[in-house]
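# give the three-dimensional model of this entry:
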Amino acid sequence: MTSGFHLHLTGPLQSYGGPQGGRVRDTHPHPTRSALTGMIAAAQGRPRGTDLTDLDALTYTIRVDRPGERLRDWHTVGGGYPKHQTVMTADGSRRGASVIFEDYFLADAAFTVAVTGPPALLDQAATALARPVFPPHLGRRACPPALPVLIGTSTDPITDLDRLPLHREQPRKDQPTVDILFIAEHPPADEPHRPPTRHISDAPLPDRRYAARPVWETRRSLPAALCTGYGTPYLTALTTT
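Numbers count the residues shown, from 1 in each chain. Presented below is the predicted three-dimensional model:
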C-alpha cells in the first residue's frame, strides 16, 4: 500500500480548458481536476463516458515549478473550399465560410502534483500510470508530455513537495530561496479555517459537465538548491532524491 504518488507534467505545450464553448478555447494556468482525473482514467483503459465517480476520492496538490507563458494559436477551419465542402453544422447544413478559432496554451510550463486518497485506489492508479493503456496527454491530445508523468510513490507526498527537485533554472547565486506557488483542494494545515482563494469549475460530471470546487493557493519559499535546471540534470536529481 502507498500513501500517495507524484506526477510531473511538462512539455512544449499544455492546455487545461473547462466549461467553455464557441470559438475561443482558453486554458487555466495550471492542471485542472478534470484533466488529472481523465489522465488516470485513460491510463486505466476506461473508455469515454465511463463512470469516474470512484476517482472523486483522489485529491491533488499542485506545485508550480514553472508557470510557463500563455500562448495564443489562431487558426481557421474550412477555408478555401466550395460551400458543400465547408464545415458542417449541427443540423447537417454547411457553413459556407471558414471558421476561426483562438486556442490558448501554456508554453514551457512544469508542474509537480501530489496525489492522495484511499490506499487501494492509489495503488491501482499508480500501477496504471506506470504502464498506461492509453497514452497520457497534458490537457489535450495534441499536447504530449516531454517526460514520463509518474515520478513514484511516497509515504508523505504533500510534505515531499517541499524537497523534490524543482524543474527550473537556478536563480542568482545570492538568492537563497525561490518563491513557489502551491494549489491545493484543502486549506493549509497551519490555517485550517482559511477561506479558499477562489472556486474553479473543473470537477468532472457525466455528459461533459463540471462542478465548482474550492482551491487554496499558497506561496512558500523553497531552497534555491532545489532548482536543478532542465533536461538531464533534472532527471538525475529526481533519481537520486
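# so where do the strands sit in the protein?
All strands of the chain, identified by DSSP state E, fall at 4-10, 13-14, 24-25, 59-66, 69-77, 99-107, 110-116, 150-154, 177-184, 198-205, 209-223.
# okay if I get the ones you listed as JSON lines plus mean pLDDT?
As requested, the strands of the chain are exported to JSON lines (pLDDT from 0 to 100):
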{"stretch": "strand 4-10", "mean pLDDT": "97"}
{"stretch": "strand 13-14", "mean pLDDT": "97"}
{"stretch": "strand 24-25", "mean pLDDT": "84"}
{"stretch": "strand 59-66", "mean pLDDT": "98"}
{"stretch": "strand 69-77", "mean pLDDT": "87"}
{"stretch": "strand 99-107", "mean pLDDT": "89"}
{"stretch": "strand 110-116", "mean pLDDT": "98"}
{"stretch": "strand 150-154", "mean pLDDT": "94"}
{"stretch": "strand 177-184", "mean pLDDT": "97"}
{"stretch": "strand 198-205", "mean pLDDT": "91"}
{"stretch": "strand 209-223", "mean pLDDT": "94"}
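# pull the contacting residues for the most centrally placed residue in the chain.
With the centre of the chain defined as its mean C-alpha position, the nearest residue by CA atoms, centre = their mean is residue 31, 2.6 Å away. Taking CB atoms under 8 Å, 6 or more residues apart in numbering, we find residue 31 in contact with 9, 14, 16, 60, 62, 111, 113, 138, 139. C-betas here are computed from N, CA, C, even on glycine.
# so which of the strands of the chain comes closest to residue 41?
For the strands of the chain, proximity to residue 41 was assessed by CB to CB; strand 198-205 is nearest, at 9.1 Å.
# ramachandran angles for the closest residue to residue 97 other than its chain neighbours?
Closest residue in space to residue 97, ignoring its immediate chain neighbours: residue 86 at 6.6 Å, by CB to CB, 6 or more residues apart in numbering. Dihedral angles phi and psi of residue 86 (degrees, to the nearest 10) take the values phi -80, psi -180.
# excluding its own residues, what touches stretch 224-235? List them.
Contacts of stretch 224-235 (CB under 8 Å, 6+ apart): 147, 163-171, 175-178, 236-237.
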